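Novice: got a predicted structure plus its sequence, pasted below:
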Number of protein chains: 2
Amino acid sequence: MAQKIQKNDHVIMKRDPSFLAKAETLLPTIHQNIIYPQNIITIAQDPDAIDGYLAHVVSEAQPYLNHCFQSGDSFILDLGTHAVGYLSFLCQSVGSPPDAPAHLKFTFGETLCEVVEPFNQYRGWLSQSWLQQHDEYVDVLPAQVNLARRYCFRYLKIEVISLSPKYQIMFKDIKVKTVSSAPDSCIEYHCDDIQLAKIDQVSVLTLRNCMQEVFEDGPKRDRRLWLGDLRLQALVNSVTFQHYDLVRRCLYLFAGHRREDGMVSANIFVRPEVVADDTFLFDYSLFYVDILYHYFNETKDSQTVKELWPIALKQIELGLSRCDKQGLVTDGDDWWSFIDWHDQLNKQGASQGVLIYCLDKALHLAQIFEPEILPKLQQHLDHLKQASHQLWDAELGFYVSGSQRQVSYATQIWMILADVGDLAHQQTLMNNLLSSPPEIGMNTPYLRHHYILALFKLGLHEKAIEEMKAYWGKMVELGADTFWELFDPENPNYSPYGSKIINSYCHAWSCTPAWFIRQYSL
Amino acid sequence: MAQKIQKNDHVIMKRDPSFLAKAETLLPTIHQNIIYPQNIITIAQDPDAIDGYLAHVVSEAQPYLNHCFQSGDSFILDLGTHAVGYLSFLCQSVGSPPDAPAHLKFTFGETLCEVVEPFNQYRGWLSQSWLQQHDEYVDVLPAQVNLARRYCFRYLKIEVISLSPKYQIMFKDIKVKTVSSAPDSCIEYHCDDIQLAKIDQVSVLTLRNCMQEVFEDGPKRDRRLWLGDLRLQALVNSVTFQHYDLVRRCLYLFAGHRREDGMVSANIFVRPEVVADDTFLFDYSLFYVDILYHYFNETKDSQTVKELWPIALKQIELGLSRCDKQGLVTDGDDWWSFIDWHDQLNKQGASQGVLIYCLDKALHLAQIFEPEILPKLQQHLDHLKQASHQLWDAELGFYVSGSQRQVSYATQIWMILADVGDLAHQQTLMNNLLSSPPEIGMNTPYLRHHYILALFKLGLHEKAIEEMKAYWGKMVELGADTFWELFDPENPNYSPYGSKIINSYCHAWSCTPAWFIRQYSL
């Protein structure tokens, strides 16, 4: 995920060297594979295409790359799939001895729009430095060129900016050394439904390409361990790569550098040393409990969970401390809760749901790791659920959020996931949601995941599948090799950042269909 | 030097492994020094300044570099002197953990105009890839950044293109590791005339910065061993650094890869392996003899000269083969002779002079290394000198060149240096030149050197000094730290390449005043 800028650089943070040391020992092996470009393409404008562009194959890559290139030449390579890794090639000269450096420009794109739209016209509010480009000046030819940075791309525009008229160049052995900490093998799953099978496959590649030294949110932009993404990645990991040590590492990383009151950060930097970001999100911190709960269910690794349980419980305590006497999460301008990328969304109702949801997970862990506090936790849970009724608007048939009594998808979804009210009540609520969609909709695959989860929870499998196909299936139809950070079928160019070229097109929180498909044997 | 594009990529070349092996053993030690930026400057337009710009000091560099910088900031460093070397700095972050890469842009300039005028508006005909720039993307901060390429600059513009709003950066320990194969010590020379002393000092720095693995023509652009430049560098080297092994190395390099008929190339590439360029220049090849002659006079290294004498003699033979029966160098469209950077200049007359001049040097070497051919060489010399009279136009009082009977400085200068006619004749010619300057003037310091040499040859020391002061002294007055490849006092923006930002501002062939000053004890 990414969040509109939160800056708290005066917050006091505490390090826990023993947790950090454990995280360090769990540094994963990075697996490498070599892939070669498949085709040379041209890109044409097409108002019907997803981002306004359509690719046309000009040639297979290998025969095309037997050509010589001169100043002013350019071409676009298509790897045929989304890749995360390192570009290398041998640059040779043809003709007279090269009497001037070769200036080459590389533009990397997960999408076509990135290799078409000039980066210097980018006006989004996220840092332009994320846009993937490189200028290489080759002083001595031939040269084996190995670009030092990791790139995330399917398309690569190569521009021969300037040689001298005395020589031309050839690109030999252009290849990408892909990297991932996901093992080469993945649990195989057969799905009769071709569309779901494809969705599963794209989900798995999305997860694979996000699995690096940590579970990254997106390998192009942010490239960082976010707690909200980790939670969903851990879920999919459990039915695909089962790389539980990577989950464990990430749990220790969050535990290793916390705010002085014990709150875990929303995200963690690992280079040059482990540093928690000064961004804190109400819901993300709470999800630490859910990740630990799921990790325990999958691994039964009671030693790790026992060690981290106090950290998890602290998040619940901090969450509860934000509630008023009635047991309602206090709204205000002094907090951040993520829930969805949505400027208009009031977060109170959904956050109430998240707190209850995570408190319930804490109860389950407490049964094993601290049974003596069970009564107290149960009391809190009852109190919070009871308080949630205050948000119920019987006339509208929806839960409301904030002083403006906002009705949103997010609030209803989280009240269902929080198991507020009995099943009949939740079903009625879902029916209301389906029949009278609130104006405040769902912007991200992240919230969409919780919507699908709520449908499954209520036994609405057919509807859940229909919605998955309509959403993730639509991305596949539009050419996605990996699932996108952001997708609004009604507004395909949507970006919360002010430019679609800065969107991430391989994003952790979008990889969850594989979990639904495999968990519910679809 | 640089020459309008000559392309002969089908010429057959021959390697001589034993010469190349000798050149390899003479690879010089590269001496390093560390220098730090002195000032931060702004640059203002000023129509009276040399290239239209004037620098104003904003601050000393060190206090300024204690500031933090954010996206959009930029500043210009002034090293206080011309330098050739490697840039490094420590890039630190301040504020929240850096949540996006730092994109920094570096623009290096020998002159102010290079850091002001956008490179993407460059429209010259020499390769744009020579313009010195670099984009650095720092993914992990803090980072020790060591730029891999060698740059040649006094001014450095640093632009912070993009960070994120969450952090700022600081530049610590910005420094340049300068490189040169010239020893740190140089023969000291005291000159009472302050202006000449300064000219001497600038000459020495010019030579130092051009002395690398070979004598380079210019450390910014071309960066290559050109025979015409080597000849002048070897001259100045003999009165300054006396690094004769570097001269010897360069002589072996030219001998090591020749055209199948034995002609030495105009220039040599040394990386990744020694390759002679497919540019051949009538005058440059002949000058191989002169370099060898001067090398022998300075070192008495008869072993080397004996070994290379056949190569030198071959250049004379090839030069003679271009003469007609009367002994005149044949003009035409099928040859290249350099003489000066001048589109209108007809090269026949000057080339006649160069051939005679070099034949005379060959005679001197033959006295020691092949006395049996002396009579034949003397016969050729007489024949050529005799033939030169055909170019004399008694009415004009000048030698003419080509079918259009062009009168130029170059032709007169080279006839004097070739010692055609007796002293009185030469003095008359020089007087004519001084009193009736031909329209076809002198464009480069390279030809200007030969003009000064001709003045000294005729005993016109005062005039020679006056001209040196008016030309090289003017460059010093205009702020030169090193002497420029091109300078026309009447047209300071002159560039044969279509843009002054591609001109070289530290250029070997311009460093000869130190030789005149020291040789003639000025």
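Specialist: Perfect, thanks for sending it.

Novice: in the stretch 251-400 of chain A, which residue sits nearest chain B?
Specialist: residue A:271 (4.4 Å; CB to the nearest CB). In short, each C-beta sits where N, CA and C put it, glycine included.

Novice: that residue should be in a helix, yeah?
Specialist: No - Residue A:271 is assigned coil when assessed by DSSP: H, G, I helix; E, B strand; the rest coil, not a helix.

Novice: packing partners of whichever helix or strand residue A:362 is part of?
Specialist: Under the criterion of DSSP states H and E, residue A:362 resides in helix A:348-369. The contact analysis (3 or more CB pairs under 8 Å, 6 or more residues apart in numbering or on different chains; DSSP states H and E) places helix A:348-369 against helix A:282-299, helix A:302-320, helix A:374-388, helix A:409-417.

Novice: for the stretch 51-200 of chain A, what spans make up the strands?
Specialist: A:53-60, A:74-95, A:102-109, A:133-138, A:143-146, A:151-162, A:167-180 (DSSP state E, counting those that start in this stretch).

Novice: interface residues of the stretch 101-250 of chain A facing chain B?
Specialist: Proximity of the stretch 101-250 of chain A to chain B (CB under 8 Å from any CB of the partner chain) is limited to residues A:101-103, A:126-130, A:133-135, A:137, A:139-142, A:149, A:161-166, A:222, A:224.

Novice: doesn't residue A:407 make contact with residue A:396?
Specialist: Yes - the criterion here is CB atoms under 8 Å, and residue A:396 meets it with residue A:407 at 6.2 Å.

Novice: name the nearest residue to residue A:338, sequence neighbours excluded.
Specialist: residue A:281 (4.8 Å; CB to CB, 6 or more residues apart in numbering or on different chains).

Novice: can you give me the end-to-end distance of stretch A:52-71?
Specialist: Distance between the two ends of stretch A:52-71: 29 Å, counting by CA to CA, to the nearest Å.

Novice: OK, contacts around the most far-flung residue of chain A relative to its centre?
Specialist: Most distant residue from the mean C-alpha position of chain A: residue A:96, 49.5 Å away (CA atoms, centre = their mean). Listed by CB atoms under 8 Å, 6 or more residues apart in numbering or on different chains, the contact set of residue A:96 reads A:166, A:167, B:7, B:8, B:9, B:277, B:278.

Novice: doesn't the third one lie inside a helix?
Specialist: Meaning residue B:7. No - in this structure, residue B:7 is coil, not part of a helix, as judged by three-state DSSP.

Novice: give me the below-cutoff pLDDT ranges for chain A.
Specialist: Across chain A, the ranges flagged by pLDDT under 70 are A:1-5.

Novice: could you rerun that using 90?
Specialist: Scanning chain A for pLDDT under 90 picks out the ranges A:1-11, A:47-52, A:333-334, A:488-496.

Novice: can I get the strands of the stretch 51-200 of chain A in TSV including mean neighbour count?
Specialist: Below are the strands of the stretch 51-200 of chain A laid out as TSV (neighbours: other CB atoms under 10 Å in any protein chain shown):
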stretch	mean neighbour count
strand A:53-60	14
strand A:74-95	20
strand A:102-109	22
strand A:133-138	18
strand A:143-146	14
strand A:151-162	22
strand A:167-180	19
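
Novice: those strands: which one's closest to residue A:502?
Specialist: strand A:102-109 (11.6 Å; CB to CB).

Novice: show residues contacting that closest one.
Specialist: The contact list for strand A:102-109 (CB under 8 Å, 6+ apart) reads A:87, A:91, A:93, A:114-115, A:119, A:132-138, A:141, A:147, A:151-163, A:169, A:501, B:127-129.

Novice: now do the same contact list for residue A:468.
Specialist: Here residue A:468 is in contact with A:196, A:199, A:452, A:513, A:516 (criterion: CB under 8 Å, 6+ apart).

Novice: hmm, 6 Å instead?
Specialist: A:452, A:513 (CB atoms under 6 Å, 6 or more residues apart in numbering or on different chains).

Novice: for chain B, see how far away residue A:82 is.
Specialist: 20 Å (CB to the nearest CB, to the nearest Å).

Novice: name the element the closest residue to that residue other than its chain neighbours belongs to?
Specialist: Among residues not flanking residue A:82 along the chain, residue A:481 sits closest, at 4.0 Å (CB to CB, 6+ apart). In the assignment (DSSP H and E), residue A:481 maps to no helix and no strand.

Novice: in this structure residue A:481 contacts residue A:81, no?
Specialist: Yes - here residue A:481 reaches residue A:81: they are 5.2 Å apart, a contact under CB atoms under 6 Å.

Novice: ok, and for the helix holding residue A:362, which residues are buried?
Specialist: Of the residues in helix A:348-369, A:348-363, A:365-366, A:369 count as buried by neighbour count, 16 or more other CB atoms under 10 Å in any protein chain shown.

Novice: what about it, distance to the chain center?
Specialist: Helix A:348-369 sits 23 Å away from the centroid of its parent chain (CA atoms, centre = their mean, to the nearest Å).

Novice: quick check: angle from it to helix A:302-320?
Specialist: Relative orientation of helix A:348-369 versus helix A:302-320 (axes from the mean of the first three to the mean of the last three CA atoms, to 10 degrees): 150 degrees.

Novice: ok, residues contacting helix A:348-369?
Specialist: Against helix A:348-369 from outside (CB under 6 Å, 6+ apart): A:282-283, A:286, A:289-290, A:293, A:306, A:309, A:316, A:319, A:329, A:331, A:337, A:339, A:373-374, A:377, A:381, A:384, A:388, A:391, A:399, A:401-402, A:410-411, A:414-415, A:417-418.

Novice: filter the residues you listed to the buried ones?
Specialist: Of the contacts of helix A:348-369, these count as buried by 16+ other CB under 10 Å: A:282-283, A:286, A:289-290, A:293, A:309, A:316, A:319, A:329, A:331, A:337, A:339, A:377, A:381, A:384, A:388, A:391, A:399, A:401-402, A:410-411, A:414-415, A:417-418.
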